[in-house]
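>>> what shape does this take:
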Amino acid sequence: MKKFALFCGIALSLGLTACDDMLPNPPAQEYPQPEIFDAAGLTLSQGDYGVTNPINLNEYAEKGELAPIMNITELTNFPDTYQLQIPMEVGSDENFTKYEVVETTITDNVISVAPGSFTDAIRELISKSPDVQTVNVRFPAYAVNGNSTMRLGGLDVYYATVQYKVLPYQTYTIENEYFLVGNFCDWNLNRGIKLSRVNNDVSVYDDANFTVKFDVTAEQAAEGYLYKIVPASAVANGDWTGAIGFVPTITTDEDGVETVQMYGTVVDAPEAQSEAGVISQEGPYLLKVNFEAKTYELNFALDYLWVPGIGTSTSNFNKVPRLYTNDYVTFQGAAHLNKQWWLTGQDGITGLNYKTAEGTEQTVDGLVTSGEIQNFGDNGGARMTIAENGLYWLNVNLATLRYSATHLKRVSLVGAFNGWDAEAAEDLKPDSKFQVWTGTFDLEGEFKVNTNGAWDIDFGSNTAAIGTANTLDYKGANINVPAGKYQVKVDFSTLPYTITLTQE
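Numbers count the residues shown, from 1 in each chain. This is a model prediction of the structure:
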């Protein structure tokens, strides 16, 4: 399991426990349905552990020591033939909605824990960030003698429920900024192309996915476009410390023919041109790197994703809806879906074909169907499915290879004319392919195009010309018209989407 591999080396060097024993919820600590022993008097004290100063698990790991976390200040009426065990339950929040059980050691009335085990639980439940974390912890107690286990006090009794400040044990570093460098910039660290984070809302340790879009000219391809990645610290220091190279995956078919794939692993390569990636075909490219998993994938940077299927066409791509992108990573757009559909990276079925990822299943939550996708090339793979024929708003992320399809069962106008009441708004009527929606409304002032009686997916326009098509943008501006009766047509059949207002 990947997360435990990060801590195996230190665990063995400390002589604390084998990696298999470092599971956040080890089987030995489950204590299924124990008998209750409530005669013992047990008192625990947090003292100053993790209160004033964080518990620095890095320091204990470096010294090869367990980290003390709790003191036993009283133990009376405890059965002499039993051993006292006090595991630590680490919670995901103050309510312990989720928790992991971590094995502890008791020595001279001090309860201690292995730095790697404590960190594993924090990474699993709270964050992978190396920064100080606030951690909720509680302690049950057990009397154990061979196969006999008794829980002290009762099934719901905890002898301490506390919060710790903890600096997790960290064995690797992920920086917030990285740059693509290579022969395209004469290996000048100050002329690299900055990578973009896929998710800026969480710690880089919780989502270590980065992307970068770049273009390779025919001349560069003929010479061999060489590239590497360097962290911001290397740029600042003017050296190659922390530089990363690429090792592509090589596959062999049944005839023994080897193919160098456009994906593989990233490796430490602290020299200018060692382990550099190479591109020999011109075009726009998108490089995706996961600095935690140490993997990469190189694809053409797509301007659109097409959505063929039963709801549209599978041959005439002039009639196939497209999803658009602003960053070559996230794509979105409207599409008529019916039963089966998939995604292509070109206006045809030869090339990139994204279908349901092997070993995964779609999930349905109300009007939203979501799942994982995989590029199967020209052949193979199962198409995505949809339960109900209709218009859907698609969101696709080519970095995480996930999608969602929200059924737009209602398309309405909501604005000043109806008190901005989305729930009670009058709906437009769709055509047979759910692409063009029409209706007649008494409008006055500002309004927007709303879907499903909510504001998750809505549309607006920067223009309100009467009698001509106005571009309709996702999350666009309010549309403002003079008072009057209007025939309204909202068209999702082509990009850009439009709204036409004809005054009666």
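
>>> for the stretch 251-400 of the chain, give me the ranges with low pLDDT.
Under the criterion pLDDT under 70, no range of the stretch 251-400 of the chain is flagged.

>>> if you set the cut-off to 90 instead, what comes out?
Applying pLDDT under 90 to the stretch 251-400 of the chain flags the ranges 251-262, 271-274, 280-284, 299-301, 311-316, 318-319, 326-329, 349-352, 375-380, 398-400.

>>> ok, Gly146 to Gln83 distance?
Distance from Gly146 to Gln83, counting by CB to CB, to the nearest Å: 10 Å. To be clear about C-beta, it is placed using only N, CA and C from the backbone, and glycine gets the same treatment.

>>> which one's more surrounded, these two?
Gln83 (12 against 8; other CB atoms under 10 Å).

>>> tell me who's in contact with the closest residue to the more buried one other than its chain neighbours.
Excluding its sequence neighbours, the residue lying closest to Gln83 (CB to CB, 6 or more residues apart in numbering) is Val144, at 5.0 Å. Contacts for Val144 (CB atoms under 8 Å, 6 or more residues apart in numbering) come out as 82-85, 150.

>>> remind me which helix or strand Val144 belongs to.
Using DSSP states H and E, Val144 sits within strand 142-145.

>>> the chain: helices as residue ranges?
Counting by DSSP state H, the segments of the chain that form helices are 2-14, 57-63, 115-125, 218-223, 232-237.

>>> report how many residues lie close to the nearest residue to Lys475 once chain neighbours are set aside.
Among residues not flanking Lys475 along the chain, Asp458 sits closest, at 6.6 Å (CB to CB, 6+ apart). When neighbours are counted by other CB under 10 Å, Asp458 registers 18.

>>> what bridges to Asp458?
Asn450 (DSSP bridges).

>>> that one reaches Leu472, doesn't it?
No: assessed by CB atoms under 8 Å, Asp458 is found out of contact with Leu472, at 10.3 Å.

>>> now do the shared contacts for these two.
Listed as contacting both Asp458 and Leu472 by CB under 8 Å, 6+ apart are Val449.

>>> quick one on the thing from earlier: listing partners with orientation, what would you give for the strand holding Val144?
strand 83-85 (antiparallel), strand 148-152 (antiparallel).

>>> compare those strands and say which comes out lowest on pLDDT.
Comparing mean pLDDT across these, the weakest is strand 148-152, with a mean of 90.

>>> which residues does that one contact?
Where contact means CB under 8 Å, 6+ apart, the residues beyond strand 148-152 that reach it are 31, 34-38, 40, 42, 79, 82, 140-144, 157, 159.

>>> hang on, the earlier thing: for Asn452, see how far away the residue nearest to Lys475 is.
9 Å.

>>> same question for Gln487.
Computed as CB to CB, the Gln487 to Asn452 distance reads 23 Å.

>>> show me which of the two is the more surrounded one.
Asn452 (20 against 13).

>>> now do the same contact list for the more buried one.
367, 406, 408-410.

>>> between these, which is nearest Val181?
Thr406 (40.2 Å; CB to CB).

>>> what about that closest one, neighbour count?
Thr406, neighbours per other CB under 10 Å, totals 20.

>>> my read: it touches Trp393, true?
Yes: assessed by CB under 8 Å, Thr406 is found in contact with Trp393 at 4.6 Å.

>>> what touches both of these two?
Residues touching both Thr406 and Trp393 (CB under 8 Å, 6+ apart): Ile457.

>>> in strands only, show me the contacts of strand 148-152.
Using DSSP state E, the subset of the contacts of strand 148-152 located in strands is 35-37, 42, 142-144.

>>> now, of those residues, which are buried?
37, 42, 142-143 (16 or more other CB atoms under 10 Å).

>>> any idea which of these is closest to Leu302?
Scanning those for proximity to Leu302, where the rule is CB to CB, the winner is Tyr142, at 57.0 Å.

>>> any idea how far the closest one is from Gly153?
Distance of Tyr142 to Gly153, given as CB to CB: 10 Å.

>>> show me the protein divided up by domain.
Using automatic domain parsing, the domain parsing of the chain gives 2-167, 180-300, 304-407, 411-503.

>>> in JSON lines: those domains, plus distance to Ile174.
Below are the domains of the chain laid out as JSON lines (distance: least, CB to CB, whole Å):
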{"stretch": "domain 2-167", "distance to Ile174": "9"}
{"stretch": "domain 180-300", "distance to Ile174": "5"}
{"stretch": "domain 304-407", "distance to Ile174": "16"}
{"stretch": "domain 411-503", "distance to Ile174": "32"}
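
>>> how many residues are close by Trp187?
17.

>>> how about it, what does it touch?
Neighbour list for Trp187: 181, 272-273 [criterion: CB under 8 Å, 6+ apart].

>>> filter those residues down to the buried ones, ChimeraX style.
To isolate the buried subset of those in ChimeraX, counting by 16+ other CB under 10 Å, use the following:
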select :181
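
>>> start to end distance for stretch 37-50?
30 Å (CA to CA, to the nearest Å).

>>> with stretch 88-100 instead?
Stretch 88-100 stretches 8 Å from its first residue to its last (CA to CA).

>>> report the two of the contacts of Asn452 separated the most.
Pairwise distances across the contacts of Asn452 (CB to CB) peak at 11.6 Å, for the pair Thr406 and Arg410.

>>> for Leu501, which non-adjacent residue is spatially closest?
Per CB to CB, 6+ apart, closest to Leu501 is Tyr486, 5.0 Å.

>>> surely that neighbour is in contact with Ile479?
No: in this structure Tyr486 lies outside contact range of Ile479 using CB under 8 Å: 10.6 Å.

>>> ok, Ile55 touching Gln163?
No: Ile55 is beyond contact range of Gln163, at 11.4 Å (criterion: CB under 8 Å).

>>> which one of these two is surrounded by more residues?
A direct count of neighbours by other CB under 10 Å for Ile55 and Gln163 places Ile55 higher, at 22 against 14.

>>> how near is Ile69 to Leu57?
10 Å.

>>> shared neighbours of the two, anything?
Common neighbours of Ile69 and Leu57, counting by CB under 8 Å, 6+ apart, are Phe118.

>>> those two: who's more crowded?
Neighbours were counted for Ile69 and for Leu57 using other CB under 10 Å; Ile69 has more, 25 against 22.

>>> just the pLDDT at that one, thanks.
Note for Ile69: predicted pLDDT of 97.

>>> tell me the contacts of Leu125?
Contact partners of Leu125, counting by CB under 8 Å, 6+ apart, are 90-92, 98-100.

>>> between the residues you listed, which is closest to Tyr169?
Distance ranking of these against Tyr169, using CB to CB, places Val90 first at 14.0 Å.

>>> ok, and the closest non-adjacent residue to that closest one?
Ala121 (4.0 Å).

>>> same deal with Thr325?
Phe331 (4.6 Å).

>>> any idea what the one you found is bridged to?
Assigned bridge partners for Phe331, using DSSP bridges, are Thr325, Val396.

>>> what about it, how many residues nearby?
Using other CB under 10 Å, Phe331 is surrounded by 23 other residues.

>>> repeat for Glu65
Glu65 is flanked by 14 other residues according to other CB under 10 Å.
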